[in-house]
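*Asks:* Task: produce atomic coordinates for the following.
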Amino acid sequence: MKLELADDAQRWWKLYSIHAALVAVLLGVVETVLALMHLSWVPLWVHGGLTMVIGICGAVGRVIKQDPGDAERIGVLQSIVGKLLGRAP
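*Replies:* Numbering: from 1, shown residues only. Okay, the predicted model is just below:
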């Protein structure tokens, strides 16, 4: 079986499924670090529920169609969030 890249592989970082996967990875890293320090910020079932919701978002993000115009809308949202958090655009 020969593996090939998707047609839009060069814009992988703009895909919703990748965003959800990165959030899941970040959540896992935070939970692991807190477990190593013997701290807990939420009960275990909440962590599992968050991971499940993020996984579902990743699956939905993978099957919905995204056009290149989405990148512009995401950029606008990022600049708004940056202004709310006090960061320069």
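*Asks:* give me phi/psi at His38?
*Replies:* The phi and psi values for His38, taken as degrees, to the nearest 10, are phi 60, psi 40.
*Asks:* Quick check: the gap between it and Thr51.
*Replies:* Taken as C-beta to C-beta, to the nearest Å, the spacing of His38 relative to Thr51 amounts to 21 Å. C-beta coordinates here come from the backbone N, C-alpha and C atoms, glycine included.
*Asks:* and what of Lys14?
*Replies:* Distance, Lys14 to Thr51, using C-beta to C-beta: 23 Å.
*Asks:* Next: Trp13.
*Replies:* 22 Å.
*Asks:* Now name the helix or strand holding Gly55.
*Replies:* Here Gly55, judged by DSSP states H and E, is contained in helix 44-63.
*Asks:* hang on, the earlier thing: so His38 and Thr51 - more neighbours on which side?
*Replies:* Set side by side, His38 and Thr51 give different neighbour counts by other C-beta atoms under 10 Å, the larger being at Thr51 (15 against 6).
*Asks:* need the contact list for the more buried one.
*Replies:* In this structure, Thr51 makes contact with 24, 27-28, judged by C-beta atoms under 8 Å, 6 or more residues apart in numbering.
*Asks:* Of these, keep whichever come out buried.
*Replies:* Those of these that meet the buried threshold are Ala24, by 16 or more other C-beta atoms under 10 Å.
*Asks:* Mind putting the contacts of Thr51 into CSV with pLDDT, distance to Ala6 and secondary structure?
*Replies:* Shown next, in CSV, are the contacts of Thr51 (pLDDT from 0 to 100; distance: C-beta to C-beta, whole Å; DSSP: H, G, I helix; E, B strand; the rest coil):
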residue, pLDDT, distance to Ala6, secondary structure
Ala24, 88, 20, helix
Leu27, 86, 26, helix
Gly28, 84, 25, helix
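*Asks:* which one of the contacts of Thr51 is nearest Val42?
*Replies:* Within the set of the contacts of Thr51, Leu27 lies nearest Val42; the separation is 10.2 Å, counting by C-beta to C-beta.
*Asks:* Tell me which residues touch the closest one, please.
*Replies:* Taking C-beta under 8 Å, 6+ apart as the contact definition, Leu27 lies against 47, 50-51, 54.
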